[in-house]
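Engineer: My questions are about this predicted structure, shown below with the sequence.
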Amino acid sequence: MPRTLSLSLSVLVAIALAVVMVNGMTLQVQVLYNGTPAPSSMALRGDGLGLNWNKGASMSKSPSNQYMWTLDLAFNASQVGTLLQMKPLVGDSTWSIGANMQVVVPRSSASVALYPWFRSKSGRYSVVGSVYSPQLNNTRPIVVYTPPSYLENTLKVQRNVLVMQDGQNLFNASTAFGGTPWNCGSTIDQLVVQGAIDELLVIGVYNTPDRLDEYTYSYDPCYDTVRGKCVGGGGKGDLYLDFVIETVVPWSAQRFRIATARPNLGIMGSSLGALISCYAAWTRPSVFSKAGCMSSSFWWNTEDFNNVILKDYPPPPAGEEFYLDSGDCCPAPSGDDRFQTLRVVGHLEELGYKMGQNLFHYLDQGGQHNEYYWGRRFHIPMTDLYPPSPLPTTPQ
Ligand SMILES: *[C@@H]1O[C@H](CO)[C@@H](O)[C@H](O)[C@H]1NC(C)=O
Ligand SMILES: *[C@@H]1O[C@H](CO)[C@@H](O)[C@H](O)[C@H]1NC(C)=O
Ligand SMILES: *[C@@H]1O[C@H](CO)[C@@H](O)[C@H](O)[C@H]1NC(C)=O
């Protein structure tokens with residue numbers, strides 16, 4: 001063989017090898033779990049990259065971290081961008097609880113961390129303490145719900161954190177208005193265990209006797225009439241949101257394993273508590289990326305949320321999500337503000353929001369304006385706003 005030909009052949013071989021090597025990438029799956037008893041073996045099942053749902057691939061215990069198990073999954077360019085679903089099992093027999101864990105196969109070698117749990121099917125709520133608001137000069141309890149994994153696998157940091165208004169109405173019949181709580185905790189527990197949603201931690205902020213002022217961002221000169229005369233009020237909403245953002249969220253982050261940077265924080269409520277939630281997400285999108293607004297009081301101050309706020313503030317960046325709903329009970333003038341809600345939904349669509357993607361709307365037929373109905377349909381905003389979603393990967 002002529003020398004030049006053999007040279008160019010070996011160059012070709014080298015290039016081909018390099019292509020294969022560049023093409024051959026690995027996704028390191030890291031399972032992090034510190035529950036007791038410590039598992040003696042860990043397996044991974046899934047639907048791609050060599051995994052299947054019938055028999056687990058056994059994972060290796062990390063030599064450097066007693067709580068970590070790893071498995072390297074090989075992939076190539078043709079698999080980049082596909083969705084991989086997985087679940088760890090203790091001893092290849094005890095499945096982790098909750099939704100399948102998902103990852104979008106990255107462009108190059110990377111790792112993904114999974115934080116499974118295997119025993120706990122329910123979360124817990126408790127009143128954690130009372131917090132003084134320097135912004136409003138008052139004090140109120142904060143109730144926090146931690147999801148099922150929270151006490152079992154303490155390596156997991158919760159990335160979905162939802163601030164909710166009217167905290168006393170959410171969990172506990174003894175404190176709820178009219179004795180009917182929303183039962184948020186048991187609804188979230190069920191949805192998590194069914195795999196319908198990702199876990200979330202709820203920070204429930206109690207209302208105060210100043211509720212009407214705190215949940216409204218403008219002064220309404222005639223929000224009610226008494227004996228033919230207007231009653232005006234409202235307008236401390238910005239101070240209330242300063243309290244939530246500058247006091248309540250940092251206070252909670254000191255006590256719970258949460259990550260609250262965008263896009264992790266959501267805000268939700270009902271009635272005036274919904275009005276302030278939608279207002280918070282529209283005016284403070286760098287803080288809140290999801291708003292759940294149930295039976296919103298969009299009638300406030302001649303519908304100034306729709307007529308003024310949505311126009312005066314620039315639309316939030318991509319990634320912002322809104323859930324709005326109402327009932328339709330009962331006859332005019334209320335009808336649970338069905339038409340005011342539909343006007344806001346229409347306005348958001350005009351501004352580019354897409355139904356089913358970053359905008360969700362539900363009409364609860366026969367739904368009334370009270371805790372019973374909000375609790376009964378609470379699963380709908382949960383499944384819209386917290387569907388199981390792909391985990392972040394770290395390039396290697
Ligand atoms: C990529 O991997 C898949 C699955 O292992 C395999 O079927 C396919 O032939 C590979 N493609 C290339 C270009 O190597
Ligand atoms: C704060 O509230 C307390 C008790 O309600 C009251 O005595 C005090 O004057 C208030 N302070 C301010 C600055 O309004
Ligand atoms: C519910 O509220 C009552 C009254 O504040 C309290 O005694 C009880 O411990 C609460 N229940 C839970 C589970 O926190």
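Structural biologist: That came in fine, so what should we check first? Ligands and ions are numbered 1, 2, ... in the order given.
Engineer: now residue 373, what's its secondary structure?
Structural biologist: Look at residue 373: counting by DSSP: H, G, I helix; E, B strand; the rest coil, its state is helix.
Engineer: show me what contacts it?
Structural biologist: Applying C-beta atoms under 8 Å, 6 or more residues apart in numbering, we find residue 373 in contact with 295, 327, 364, 367. The C-beta positions use only the backbone N, C-alpha and C, and glycine is treated the same way.
Engineer: From those residues, which land in strands?
Structural biologist: Those of the contacts of residue 373 mapping onto strands are 327, 364, per DSSP state E.
Engineer: Specify which member of the contacts of residue 373 is nearest to ligand 3.
Structural biologist: For the contacts of residue 373, the residue nearest ligand 3 by C-beta to the nearest ligand atom is residue 295; the value is 24.4 Å.
Engineer: How about the contacts made by the closest one?
Structural biologist: Residue 295 sits in contact with 270-271, 274, 325-327, 336-337, 341, 367, 369, 373-374, where contact means C-beta under 8 Å, 6+ apart.
Engineer: Need the distance between the two termini of stretch 292-310.
Structural biologist: 16 Å (C-alpha to C-alpha, to the nearest Å).
Engineer: how far away is residue 226 from residue 187?
Structural biologist: Using C-beta to C-beta, to the nearest Å, residue 226 is found at 38 Å from residue 187.
Engineer: how many neighbours does residue 131 have?
Structural biologist: 17 (other C-beta atoms under 10 Å).
Engineer: Ramachandran angles for it?
Structural biologist: Main-chain torsions, residue 131, degrees, to the nearest 10: phi -120, psi 130.
Engineer: is it true that it touches residue 252?
Structural biologist: No - between residue 131 and residue 252 there is no contact under C-beta atoms under 8 Å: 9.1 Å.
Engineer: Comparing residue 226 and residue 187, which residue is more hemmed in?
Structural biologist: Neighbour tally, residue 226 and residue 187, criterion other C-beta under 10 Å: the higher count belongs to residue 187, 17 against 7.
Engineer: ranking the contacts of residue 373 by neighbours, who comes first?
Structural biologist: That'd be residue 295 among the contacts of residue 373, by other C-beta under 10 Å, with 29 neighbours.
Engineer: now it: how far from residue 270?
Structural biologist: The spacing between residue 295 and residue 270, counted by C-beta to C-beta, is 5 Å.
Engineer: can you list residues touching both of these two?
Structural biologist: Common neighbours of residue 295 and residue 270 (criterion: C-beta under 8 Å, 6+ apart): residue 374.
Engineer: Residue 182 is in contact with residue 169, correct?
Structural biologist: Yes - the criterion here is C-beta under 8 Å, and residue 169 meets it with residue 182 at 6.3 Å.
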